[in-house]
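**Q** requesting a structural model of the entry that follows:
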Amino acid sequence: MKIKSFFLFVLLFALGTALQTLSFAQVENAKKDKSKLLILWTSGDRDVALKVCFMYTHAAAKQKWFDRVRLVVWGPSSRLLANDAELEQKIKAMKKDGVELFACVVCADSYGVSGKLRELGITVIGMGKPLTEMLKSGWTTLTF
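**A** Residues are numbered from 1 along each chain as shown. The predicted structure is shown next:
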């Protein structure tokens, strides 16, 4: 009986240690997930772009608040960006400082600005599936 008790103790100890390791790994993965920021910019409002969306997005990248910062241009924001020289310069500065830039091709095509966005160095693609994957994989998400 003592031998069975000893093996049961060893088994439970090993299981407990394994669970602690698993929990630690889960915490570490959660920390990694929090290091990715997705900004979904949909507003056609210039003040929202300059005074909120761009200001925070650029600061998050420059100050290294996140390991990765990704800006997705979606909807009316694509038309606004393609027709505003000051916003274009801010996008170029963000790109230079490491912000990953994407735009929805369906939206950009509907406004006739896909070419202009590509000229700014923005990756213009179908965003439905990539956006869904980012949301499912734990990107911290802000929408403006």
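
**Q** any regions of this structure where pLDDT drops low?
**A** Screening the chain residue by residue with the criterion pLDDT under 70, one finds the ranges 1-34.

**Q** ok, now with 50
**A** Using pLDDT under 50 as the threshold, the predicted model of the chain has low-confidence ranges 6-15, 17-28, 30, 33.

**Q** tell me the contacts of the spatially most central residue of the chain?
**A** Among the residues of the chain, the smallest C-alpha distance to the mean C-alpha position (CA atoms, centre = their mean) belongs to Leu38, namely 2.5 Å. Residues in contact with Leu38 (CB atoms under 8 Å, 6 or more residues apart in numbering) are 70, 72, 131, 134-135, 139-142. C-beta here means a position set from N, CA and C on the backbone, and glycine is covered the same way.

**Q** okay, now the sheet partners of the helix or strand encompassing it, with direction.
**A** Assigned by DSSP states H and E, Leu38 falls within strand 36-41. Strand 36-41 has its sheet partners listed here by DSSP bridges as strand 68-73 (parallel), strand 140-143 (parallel).

**Q** the residue nearest to Ala82 when sequence neighbours are not counted: how many residues sit nearby?
**A** Taking CB to CB, 6 or more residues apart in numbering, and ignoring the residues beside it in sequence, Ala82 has Val113 as its nearest neighbour in space, at 3.6 Å. Around Val113 sit 22 other residues, with neighbours defined as other CB atoms under 10 Å.

**Q** what segments of the chain are helices?
**A** Assigned helices in the chain, in chain order: 2-33, 46-48, 54-62, 76-82, 85-96, 105-111, 114-119, 128-136 (criterion: DSSP state H).

**Q** other residues contacting the shortest one?
**A** Counting contacts by CB under 8 Å, 6+ apart, the residues outside helix 46-48 that touch it are 80, 84, 87, 144.

**Q** of those, which is the nearest to Cys104?
**A** Set against Cys104, the nearest of the contacts of helix 46-48 by CB to CB is Leu80 (13.7 Å).
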